[in-house]
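[1] Below: sequence and its predicted model.
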Amino acid sequence: MDRKSFYTRREEFLNELNDFILPPYETADKYEEEIVGEFENEVEESFFKEFIDYLSENAFVLDLACGDGRYTLRLSQNAEKVVAVDISPKQLKMAKEKCKNRSNITFINASMFNLSLPRDYFDGIWFSQGFEYVPPDKREQLIETLHMMLKNNGVLYMSVETWMYPEFINSLKELLRDVKLFFCWRFIRNKPLLWGEFLYYLSPETAEVRCRGWHYHVHTDKWTIHKLLQKVGFKILRSKLCEGYIYIICRMRSHE
């Protein structure tokens, strides 16, 4: 198949991507902290505390891909203003209910790829468990947008799903799983995927899953994400690999 038809099909796939992302969030009936806890693990909790320490009392914060408000409420208690953005109407409804007693939060139903927010506006951006839905060919554009929305010396936190683990054997197992899924969808099922992307089947048999069907994710590695952040203009302050996630906190360099 020629390159033109691959990229034509790629564009069609990206236009339909929400069909593979939204269903479990639109059918949710429990808050994430009821299932997993307020934080994913102690590492994420330590990054949250560090993120807050970088903020001033009058900070403006973006909670990107806020979901059901898992972190929004805590962020609003440590900032003057929080803008919480998510593409799922159901998740935003749950977040609004959770945060109904806070007056310093603005909720916006929007895609992370179509943000109409001011330049040089935020002191911090909290972006937890959303990067696994960013296709490889949209990563740089998104991170550039986040860079532009931050004030000089603003802070960005990201948790990035990866095939990497602290233990080599676990990394190898996850990498082989990713390779298997990628080749299956790219070459057997003929989906126009880029490396790192895959679909996997959700089953409602466990508490963590809300529906049945195919779900999209993308994995990357720490070298790729570090290089991209530095290319766009971020200085990495701390990065930690834990339980299939890369936790990163970084500070933007000047727009000049």
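    Yes, it's here. Numbering: from 1, shown residues only.
[2] neighbouring contacts of the longest strand along the chain?
    When the chain is parsed with DSSP state E, its longest strand is strand 150-161. Contacts of strand 150-161 with the rest of the structure, by C-beta atoms under 8 Å, 6 or more residues apart in numbering, involve 40, 44, 47-48, 51, 54-55, 120-129, 131-132, 146-147, 217-220, 225, 234, 237, 244-252, 254-255. Quick note: C-beta positions are derived from backbone N, CA and C, even for glycine.
[3] strands paired with that strand, and their directions?
    Here strand 150-161 has these sheet partners by DSSP bridges: strand 122-127 (parallel), strand 245-252 (antiparallel).
[4] Next, the buried residues of stretch 14-34.
    17, 20, 21, 22, 23, 24, 25, 28, 31, 32 (16 or more other C-beta atoms under 10 Å).
[5] repeat for stretch 48-67
    Buried, per 16+ other C-beta under 10 Å, within stretch 48-67: 48, 51-52, 54-55, 59-67.
[6] Same question for stretch 135-146.
    Across stretch 135-146, burial judged by 16+ other C-beta under 10 Å covers 135, 139, 142, 143, 145, 146.
[7] how far out from the middle of the chain is it?
    Chain-centre distance of stretch 135-146: 11 Å, with C-alpha atoms, centre = their mean, to the nearest Å.
[8] swap in stretch 93-110?
    On C-alpha atoms, centre = their mean, the centre of stretch 93-110 falls 19 Å from that of its chain.
[9] what residues does it touch?
    Counting by C-beta under 8 Å, 6+ apart, 28, 31, 66-69, 72-73, 76-77, 79-87, 89, 92, 116 sit against stretch 93-110.
[10] before we move on, the earlier item: list buried residues within the contacts of strand 150-161.
    Buried among these by 16+ other C-beta under 10 Å: 40, 44, 47-48, 51, 54-55, 122-129, 131-132, 146-147, 217-220, 225, 234, 244-252.
[11] now could you export just the CA positions of the worst-scoring helix or strand of the chain on mean pLDDT as CSV?
    One helix or strand of the chain scores below all others by mean pLDDT, DSSP states H and E: helix 32-35, with a mean of 85. Extracted C-alpha coordinates of helix 32-35, given in CSV (Å, rounded to 0.1, in the frame of the first residue of the first chain):
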residue,chain,number,x,y,z
GLU,A,32,-11.3,6.8,40.5
GLU,A,33,-10.3,7.2,44.1
GLU,A,34,-12.9,4.6,45.0
ILE,A,35,-11.2,2.2,42.7
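[12] and the next element down the chain from it?
    Downstream of helix 32-35, the first helix or strand assigned by DSSP states H and E is helix 42-54.
[13] Pull the residues that contact that following helix.
    With contact meaning C-beta under 8 Å, 6+ apart, helix 42-54 is reached by 38-39, 71, 74, 78, 124, 126, 128, 155, 157, 159, 238, 240, 242-243, 245, 247, 249, 251.
[14] What mean pLDDT does the following helix or strand past that helix get?
    Where DSSP H and E defines the elements, the next helix or strand beyond helix 42-54 is strand 60-64. Averaging pLDDT along strand 60-64 yields 98.
[15] likewise stretch 240-256?
    In this model, stretch 240-256 has a mean pLDDT of 87.
[16] can you pull the contacts of residue 40?
    129, 159, 243, 245.
[17] if you set the cut-off to 10 Å instead, what comes out?
    For residue 40, the contacting residues are 32, 47, 70, 128, 129, 159, 242, 243, 244, 245, 247, by C-beta atoms under 10 Å, 6 or more residues apart in numbering.
[18] Out of the residues you listed, which is nearest to residue 12?
    Proximity of those to residue 12 (C-beta to C-beta) peaks at residue 129, which lies at 26.7 Å.
[19] still on that earlier bit, show me which of the buried residues of stretch 48-67 is closest to residue 177.
    Among those, residue 65 lies closest to residue 177 (C-beta to C-beta), at 24.2 Å.
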